[in-house]
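Q: Sequence plus predicted model, see below.
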Amino acid sequence: MITDVGTGNAWHSVSISEVRWKGYLTLFLHSKIVGHLTVVPATHLLTGKLIANKKPSVMVTSMKSIQKKVAVTTWTMDNGIENQQHEQFGIPTYFCTPGSPWQKPHVESSIGLIRRWFLPKGTDLAKVPDATFQSMLHTMNHKYRKSLGYRSAYEVSIGCAIIEKVPRLSRSKAIAFR
């Protein structure tokens, strides 16, 4: 069992150093709204949503909705109060060592791209419609990457059976950014 020293919270969890992992989760907070981002490392596939707060019960609901869309076998997360009910996610969940962002490099890289392309640091996510946020992730998943053999995250994810088909966004939801 690991104790989250900063908040005094303790729950049954396994350190990331003890496992090999496939899915990540991170949170970035810019106002009362929280955006959570999930990255599948082998494919760089991004999925996420805007949620109202960081309560553990809200996080459980959010994680289960992502698991319905993407074939995730494990989660790797930060040590935060929002992940206290991780045992309810239904799949193995592992935790990064506190203060070790290099243990989830794909998430950190993706957050950097989101900040560079769409949402500068300090952006109030309460003013960003979820449809716009989804359009941003959709755009990033269509980006061809050298690390993926000049294929997109969608193409690689379909090949790995992580998703069945590329999600479609209606033109009304394809909102211009900024």
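A: It's in.

Q: residue ranges with poor pLDDT in the chain?
A: Filtered on pLDDT under 70, the chain yields the residue ranges 1-32, 170-178.

Q: which stretches of it form helices?
A: 56-69, 105-117, 130-141, 153-159 (DSSP state H).

Q: closest one to R168 among the ones you listed?
A: With Cβ to Cβ as the criterion, R168 lies closest to helix 130-141 of the helices of the chain, at 9.1 Å. The C-beta positions use only the backbone N, C-alpha and C, and glycine is treated the same way.

Q: export the helices of the chain to CSV and tack on distance to T43?
A: As requested, these are arranged in CSV below (distance: least, Cβ to Cβ, whole Å):
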stretch, distance to T43
helix 56-69, 14
helix 105-117, 10
helix 130-141, 9
helix 153-159, 4
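
Q: Among those helices, which comes closest to I33?
A: helix 130-141 (9.4 Å).

Q: and that closest one with helix 105-117, angle?
A: Orientation check (axes from the mean of the first three to the mean of the last three Cα atoms, to 10 degrees): helix 130-141 against helix 105-117 gives 110 degrees.

Q: Please export the C-alpha coordinates of helix 130-141 as PDB.
A: C-alpha atoms of helix 130-141 as PDB (Å, rounded to 0.1, in the frame of the first residue of the first chain):
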ATOM      1  CA  ASP A 130     -16.900  20.000 -24.800                       C
ATOM      2  CA  ALA A 131     -17.500  19.800 -28.500                       C
ATOM      3  CA  THR A 132     -14.500  22.100 -29.100                       C
ATOM      4  CA  PHE A 133     -12.400  20.000 -26.700                       C
ATOM      5  CA  GLN A 134     -13.300  16.900 -28.600                       C
ATOM      6  CA  SER A 135     -12.500  18.600 -31.900                       C
ATOM      7  CA  MET A 136      -9.000  19.400 -30.600                       C
ATOM      8  CA  LEU A 137      -8.400  15.800 -29.600                       C
ATOM      9  CA  HIS A 138      -9.800  14.600 -33.000                       C
ATOM     10  CA  THR A 139      -7.300  16.900 -34.800                       C
ATOM     11  CA  MET A 140      -4.400  15.600 -32.700                       C
ATOM     12  CA  ASN A 141      -5.300  12.000 -33.400                       C
END
